[in-house]
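**Q** build me a model:
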Amino acid sequence: MEMKMEIPVIDFSKLETGETMALLHEACKKWGFFMIENHSVDTEVMEEVKALTKAHYKQAMRPAFLASETAKSLSSSKNEHIPDRDWESSFFVWHHPDSTTTVLPDRLRRSMEDYISQLIQLAEKLSEHMCQNLGIRRSHMMEAFSGCRAPSVGTKVAMYPECPRPDLMRGLREHTDAGGIILLLQDDQVPGLEFLKGGEWVKILPSKNNMIFVNIGDQVEILSNGVYKSAVHRVMAMREGNHLSIATFYNPAGDAVISPAADLLVPKEIRFKDYLSLYTKTKFGDKAIRFQSLKAMATHN
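**A** Here you go, the predicted structure:
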């Protein structure tokens with residue numbers, strides 16, 4: 001089932017206010033995705049990245065896609081749904097700590113590098129505010145993601161072309177993202193992106209005014225001990241229009257070991273007899289207060 005829903009919009013210029021911080025916490029906890037406005041990323045650079053990417057698709061990617069096995073499989077499907085292919089033309093480049101952007105045309109490479117340098121700062125600030133909302137050190141996520149060197153940052157550029165039979169194939173099949181924080185610069189005209197919430201599919205409208213769409217990956221769910229949720233999403237194939245997606249992943253380094261933040265393991269390392277002793281005194285009280293007492297006991301011990 002599909003539905004329309006007003007997803008959270010975070011005004012990044014007001015993140016120091018309690019109201020906006022609370023909205024961010026709610027979005028991470030109950031939605032797993034949200035929009036960011038007033039993010040300070042240069043909008044002219046964003047527009048240039050989109051324009052150059054679309055030009056690169058037409059010149060270098062579209063001919064290869066039309067000749068691909070995916071395109072051929074649709075024309076020979078005999079009206080049967082194709083479950084194991086995606087109607088997308090895409091490539092992936094790394095930015096940090098090592099870069100592979102030299103494979104791109106010069107103008108697109110320079111524009112992409114300018115955009116990503118600003119986006120990394122945005123991701124770092126966002127991670128700090130998430131940690132603050134979780135009640136852990138603001139730098140915890142950055143440090144946990146760093147491994148021996150630094151967090152990994154890469155971008156998947158995808159175009160979802162016009163599809164003659166969108167009923168037979170997804171643009172991109174249902175999944176959650178494996179990494180950390182995903183920042184999406186998406187099409188401002190053609191829809192297609194959908195997220196699952198409460199058992200129903202929420203259509204994500206094209207991003208106007210260069211707002212950035214953010215969703216949470218599996219590693220943030222692990223680090224937050226399940227407080228924040230990665231969300232299932234997909235891209236629908238569309239009969240008309242090409243849907244552009246430029247998704248940048250702020251991920252852990254390959255050697256980073258991700259586990260729930262210790263301060264979020266409440267209670268932890270408590271002997272059952274000690275819990276029972278406290279429980280008998282507070283059985284009819286608030287469980288949250290009892291757990292806070294256990295946290296204090298664990299910290300003291």
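**Q** tell me what whichever strand or helix holds residue 44 is packed against?
**A** Per DSSP states H and E: residue 44 is located in helix 43-56. Packing contacts for helix 43-56, counted by 3 or more CB pairs under 8 Å, 6 or more residues apart in numbering; DSSP states H and E, involve helix 106-134, strand 152-160, strand 181-186, strand 243-251. For every residue, glycine as well, the C-beta is placed using N, CA and C.
**Q** mind putting the ones you listed into CSV with mean neighbour count, distance to residue 17 and mean pLDDT?
**A** CSV is the format used below for the helices and strands packed on helix 43-56 (neighbours: other CB atoms under 10 Å; distance: least, CB to CB, whole Å; pLDDT from 0 to 100):
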stretch, mean neighbour count, distance to residue 17, mean pLDDT
helix 106-134, 19, 11, 97
strand 152-160, 22, 28, 98
strand 181-186, 24, 21, 96
strand 243-251, 23, 24, 97
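**Q** got those as JSON lines, with distance to residue 42 columns?
**A** Compiled in JSON lines, the helices and strands packed on helix 43-56 are given as follows (distance: least, CB to CB, whole Å):
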{"stretch": "helix 106-134", "distance to residue 42": "6"}
{"stretch": "strand 152-160", "distance to residue 42": "16"}
{"stretch": "strand 181-186", "distance to residue 42": "12"}
{"stretch": "strand 243-251", "distance to residue 42": "15"}
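**Q** quick one, phi/psi of residue 230?
**A** phi -80, psi 140 (degrees, to the nearest 10).
**Q** gap between it and residue 33?
**A** Distance from residue 230 to residue 33, counting by CB to CB, to the nearest Å: 9 Å.
**Q** shared neighbours, the two?
**A** 215-216 (CB atoms under 8 Å, 6 or more residues apart in numbering).
**Q** can you list contacts of stretch 279-288?
**A** Here stretch 279-288 has contacts from 289-290, 293, using CB under 8 Å, 6+ apart.
**Q** could you tell me which of the residues you listed are located in helices?
**A** Among the contacts of stretch 279-288, the residues falling in helices (DSSP state H) are 289-290, 293.
**Q** quick revisit: what average pLDDT does the very next helix or strand once past the helix holding residue 44 get?
**A** Note on helix 43-56: by DSSP H and E, the next helix or strand toward the C-terminus is helix 62-66. Average pLDDT, helix 62-66: 94.
**Q** likewise for stretch 290-299?
**A** Rounded mean pLDDT across stretch 290-299 is 71.
**Q** got the CA positions of it in CSV?
**A** Coordinates of each C-alpha in stretch 290-299 appear next as CSV, following Å, rounded to 0.1, in the frame of the first residue of the first chain:
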residue,chain,number,x,y,z
ARG,A,290,14.8,2.1,38.1
PHE,A,291,17.0,1.6,35.1
GLN,A,292,18.6,5.0,35.7
SER,A,293,19.5,3.8,39.2
LEU,A,294,21.0,0.7,37.7
LYS,A,295,23.1,2.8,35.3
ALA,A,296,24.4,4.8,38.3
MET,A,297,25.2,1.6,40.1
ALA,A,298,27.1,0.2,37.1
THR,A,299,29.0,3.4,36.6
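**Q** just to revisit the earlier point, now the helix holding residue 44, how far from the centre of its chain.
**A** 21 Å (CA atoms, centre = their mean, to the nearest Å).
**Q** if you count neighbours, what's buried in that helix?
**A** Buried residues in helix 43-56, counted by 16 or more other CB atoms under 10 Å: 45-46, 48-50, 52-53, 56.
**Q** what angle sits between that helix and helix 106-134?
**A** Here helix 43-56 points in a direction 130 degrees away from that of helix 106-134 (axes from the mean of the first three to the mean of the last three CA atoms, to 10 degrees).
**Q** turn the buried residues of helix 43-56 into CSV, columns for distance to residue 37 and pLDDT.
**A** Listed next are those as CSV, based on distance: CB to CB, whole Å; pLDDT from 0 to 100:
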residue, distance to residue 37, pLDDT
45, 17, 97
46, 13, 96
48, 20, 97
49, 18, 97
50, 17, 96
52, 24, 97
53, 22, 97
56, 27, 97
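**Q** between the ones in helices among the contacts of stretch 279-288, identify the one with the most neighbours.
**A** residue 290 (17 neighbours; other CB atoms under 10 Å).
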